[in-house]
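>>> 3D, please:
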Amino acid sequence: MMSDAEDEAPRPKKRPQRVTAAGYLIILLSLALLMGFLAVRSYTGGQELRRQEAFIQTARSGSEMLTTVDADHVDDDVARIIAASTGPFLEDFQLRSEAFVDAVTKTQSKTHGTVLEAGLEEVRGDQADVLVTMAVTTSINGAQAQPRQWRMRIGVQLDGSTMKVSNVEFVP
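Numbers count the residues shown, from 1 in each chain. A predicted model of the protein is given here:
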């Protein structure tokens, strides 16, 4: 016969199924949170990259627009520059546009600018500075000069839902 001590021998304990199910649930929730975090981070990173590219593209097209002016179409060129500008640059250009049209018309000048390189220098909220290197060819009264390289810092600013040129500086 068995003694009382033998009856009380430890039996292997079974894990309750509730504990195992809770463990799996915690693991699944953790994985879901991690995947959600990574998805949000990827989305916001991509969104910022697209915004930076938009700043650069606005500066590229703005600098080409500013350096491509034809005496035969100067009024259209000026209107295009005004439409794509904002802030201090717009105010200054509007003040000087009449003299600009007069000078271009009198000299029968034609300039054509091509962007060689453009890179983001700094982003400040809804504004950015972009460095742009241009090749600009000019002809005055039909005489064409050698192409020149210009370096410019183009300020770009979000104006409503559109990015526009807000400042232009020539960089040595």
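>>> contacts and neighbour counts: CA atoms only from here.
Noted.
>>> Give me the residue at the spatial middle of the chain.
Centroid check for the chain by CA atoms, centre = their mean gives Q52 as the closest residue, at 1.9 Å.
>>> Show me the shaky parts of the chain.
In the predicted model of the chain, residues 1-19, 42, 44-45 satisfy pLDDT under 70.
>>> At which residues are the helices of this structure located?
Taking DSSP state H to define them, one finds helices in the chain at 4-7, 17-67, 74-83, 87-107.
>>> Distance check, L38 against A32.
Between L38 and A32 the distance is 10 Å, computed by CA to CA, to the nearest Å.
>>> partners of R148 in the sheet?
Counting by DSSP bridges, R148 forms beta bridges with V136.
>>> What about it, how many residues nearby?
Number of residues near R148 (other CA atoms under 10 Å) recorded here: 11.
>>> Please name the residues that touch it.
134-137 (CA atoms under 8 Å, 6 or more residues apart in numbering).
>>> Report how many residues lie close to the nearest residue to I82 once chain neighbours are set aside.
Distance criterion CA to CA, 6 or more residues apart in numbering; nearest residue to I82, sequence neighbours excluded, is L90 at 6.3 Å. By other CA under 10 Å, the residues close to L90 number 20.
>>> my guess is L90 contacts V168, does it?
No: L90 is beyond contact range of V168, at 10.3 Å (criterion: CA atoms under 8 Å).
>>> Looking at the helices of the chain, which is nearest to V115?
Closest to V115 of these is helix 17-67 (CA to CA; 6.5 Å).
>>> How far away from the center of its chain is the closest one?
16 Å (CA atoms, centre = their mean, to the nearest Å).
>>> in terms of contact count, name the helices or strands touching that helix.
helix 74-83, strand 110-124, strand 127-140, strand 148-159, strand 162-170 (3 or more CA pairs under 8 Å, 6 or more residues apart in numbering; DSSP states H and E).
>>> can you pull the buried residues of stretch 144-161?
For stretch 144-161, a neighbour-count test (16 or more other CA atoms under 10 Å) marks 150-159 as buried.
>>> Now it - C-alpha only, CSV.
This file holds the C-alpha atoms of stretch 144-161, laid out as CSV (Å, rounded to 0.1, in the frame of the first residue of the first chain):
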residue,chain,number,x,y,z
GLN,A,144,25.5,85.9,-78.9
ALA,A,145,27.9,85.8,-76.0
GLN,A,146,29.6,82.8,-74.6
PRO,A,147,27.5,80.9,-72.0
ARG,A,148,28.2,81.9,-68.5
GLN,A,149,27.7,79.9,-65.3
TRP,A,150,25.7,81.5,-62.5
ARG,A,151,25.2,80.3,-59.0
MET,A,152,22.1,81.4,-57.2
ARG,A,153,20.4,80.8,-53.9
ILE,A,154,16.7,80.5,-54.6
GLY,A,155,14.3,81.0,-51.7
VAL,A,156,11.2,79.0,-52.1
GLN,A,157,8.1,79.5,-50.0
LEU,A,158,4.7,77.7,-49.7
ASP,A,159,2.1,80.2,-50.7
GLY,A,160,-1.3,78.7,-50.0
SER,A,161,-1.0,75.3,-51.7
